[in-house]
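structure of the sequence below:
(one chain, ligands or ions: 2)
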Amino acid sequence: MVLNLYLSSILDLIFPPRCQICREPGPENICKNCITKIKTIDQKNVCVYCGEPQNDQPFKNAVLCSRCVIEKPHYTIARSIAIYEGTLKKAIHAFKFKGKKNLAQHLGKFMALSIEENLPEIRYCHADAVVTVPLSQNRLKSRGFNQIDCLAEVFSAYANIPHEKDILARVRDTKPQFDLPKHKRKENIQGAFVIKRPNDIYGRRLLLLDDIYTTGYTVNECAKVLIKCGAAKVYILTLSRAILA
Ligand SMILES: [Zn+2]
Ligand SMILES: [Zn+2]
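Residues are numbered from 1 along each chain as shown. Ligands and ions are numbered 1, 2, ... in the order given. Presented below is the predicted three-dimensional model:
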């Protein structure tokens, strides 16, 4: 223990700790300056179902975006904390693709504090458990860990909702949704998930966590399978939201 502390203080001298985003020296993985640059979503002005930010006049309740008017999602509601851009985009990228696993501490805490402050509809949805979208075996192999499980672990500790691992599983590999044209995304994800332990979700209210909401097809497909297998409600919370052109 003493040796570890000694070693880490020597390492701090050689490689002073830095913000993983702006590289400024400091003790935090994401510095306060970078946190304040994250563009959070004005939750008063979003689609009531999918949480898509609306640029029109603030809603007079129960107003839906153009997609939810055509097709109601399988989940009850989806909400995202901030826009997928700038600092947050860099942080998610470093966390997912550059092996910066320790960013989960900051991002998971940030999610929990954000629902406390700005998202009563998620904070008080009385979720029985937090579940996550599973990675494909190929992606799990190349990344070495499911980053969303790391995030969910931290989030659930701060939000005081148990995290249940391995509820959903992928039955086939899918292409990354980001790489596909819009019209291919829905069919890419259809039938990709199964429930491993249906008894564990029967009659329960679940909060499904993910990092980015793009078209919502992935989380909606997960919600469809969870509801079909007996979950009472599925709520979606994502760290960020990609604004589609
Ligand atoms: Zn920084
Ligand atoms: Zn919507």
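
name the next helix or strand downstream of the longest helix along the chain, please.
When the chain is parsed with DSSP state H, its longest helix is helix 103-118. As assigned by DSSP states H and E, the chain's next helix or strand after helix 103-118 is helix 120-123.

which elements pack onto that next one?
On a contact count with 3 or more C-beta pairs under 8 Å, 6 or more residues apart in numbering; DSSP states H and E, helix 120-123 meets strand 77-83, helix 103-118. C-betas here are computed from N, CA, C, even on glycine.

which secondary structure elements does the longest helix of the chain contact?
With 3+ C-beta pairs under 8 Å, 6+ apart as the test, helix 103-118 has strand 77-83, helix 86-97, helix 120-123, helix 147-159, strand 233-241 packed against it.

so which bits of it are buried?
103, 104, 105, 106, 107, 108, 110, 111, 112, 114, 115, 118 (16 or more other C-beta atoms under 10 Å).

around ligand 2, pick out the residues from this protein.
By the rule C-beta under 5 Å from the ion, the part of the chain lying against ligand 2 is 47, 49, 50, 52, 65, 68.

re the thing from before, and ligand 1, which of the helices and strands packed on helix 103-118 is closest to it?
helix 86-97 (7.5 Å; C-beta to the ion).

what's the domain layout of the chain?
For the chain, automatic domain parsing gives the domain ranges 1-36, 38-241.

same question for the first one, mean pLDDT?
Throughout domain 1-36, pLDDT has a mean value of 77.

hey, least reliable of the helices and strands packed on helix 103-118 by pLDDT?
Among the helices and strands packed on helix 103-118, helix 86-97 carries the lowest mean pLDDT (a mean of 91).

near ligand 1 at all, that helix?
No - judged by C-beta under 5 Å from the ion, helix 86-97 stays clear of ligand 1, getting no closer than 7.5 Å.

how many other residues sit next to the nearest residue to residue 47 once chain neighbours are set aside?
Closest residue to residue 47 apart from its sequence neighbours, by C-beta to C-beta, 6 or more residues apart in numbering: residue 65 at 3.7 Å. The number of residues packed around residue 65, counting by other C-beta atoms under 10 Å, is 16.

again, but for residue 51
Residues near residue 51, counting by other C-beta under 10 Å: 25.

before we move on, back to that, pretty sure the residue nearest to residue 47 is touching residue 52, no?
Yes - using C-beta atoms under 8 Å, residue 65 is in contact with residue 52, at 4.6 Å.

which stretches in this structure count as helices?
Using DSSP H, the helices of the chain run over 2-14, 32-36, 66-70, 86-97, 103-118, 120-123, 137-143, 147-159, 182-189, 217-228.

mind putting the ones you listed in CSV, distance to residue 131 included?
Below are the helices of the chain laid out as CSV (distance: least, C-beta to C-beta, whole Å):
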stretch, distance to residue 131
helix 2-14, 35
helix 32-36, 27
helix 66-70, 22
helix 86-97, 19
helix 103-118, 15
helix 120-123, 14
helix 137-143, 17
helix 147-159, 8
helix 182-189, 17
helix 217-228, 8
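
return the residues of this protein in contact with ligand 1.
So the chain meets ligand 1 at 19, 21, 22, 31, 34 (C-beta under 5 Å from the ion).

hang on, isn't the fourth one packed against residue 24?
Yes - contact criterion C-beta under 8 Å: residue 31 and residue 24 qualify, at 5.8 Å.

need the CA coordinates for stretch 116-128. PDB is fine.
C-alpha atoms of stretch 116-128 as PDB (Å, rounded to 0.1, in the frame of the first residue of the first chain):
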ATOM      1  CA  GLU A 116     -31.500  14.700  -9.900                       C
ATOM      2  CA  GLU A 117     -31.400  18.300 -11.100                       C
ATOM      3  CA  ASN A 118     -33.200  18.300 -14.500                       C
ATOM      4  CA  LEU A 119     -35.000  15.100 -15.100                       C
ATOM      5  CA  PRO A 120     -37.700  14.400 -12.500                       C
ATOM      6  CA  GLU A 121     -39.500  12.100 -15.100                       C
ATOM      7  CA  ILE A 122     -36.500   9.800 -15.000                       C
ATOM      8  CA  ARG A 123     -35.500  10.400 -11.300                       C
ATOM      9  CA  TYR A 124     -39.000   9.500 -10.100                       C
ATOM     10  CA  CYS A 125     -40.000   6.800 -12.600                       C
ATOM     11  CA  HIS A 126     -39.400   4.300  -9.700                       C
ATOM     12  CA  ALA A 127     -37.200   2.000 -11.800                       C
ATOM     13  CA  ASP A 128     -36.500  -1.300 -10.100                       C
END
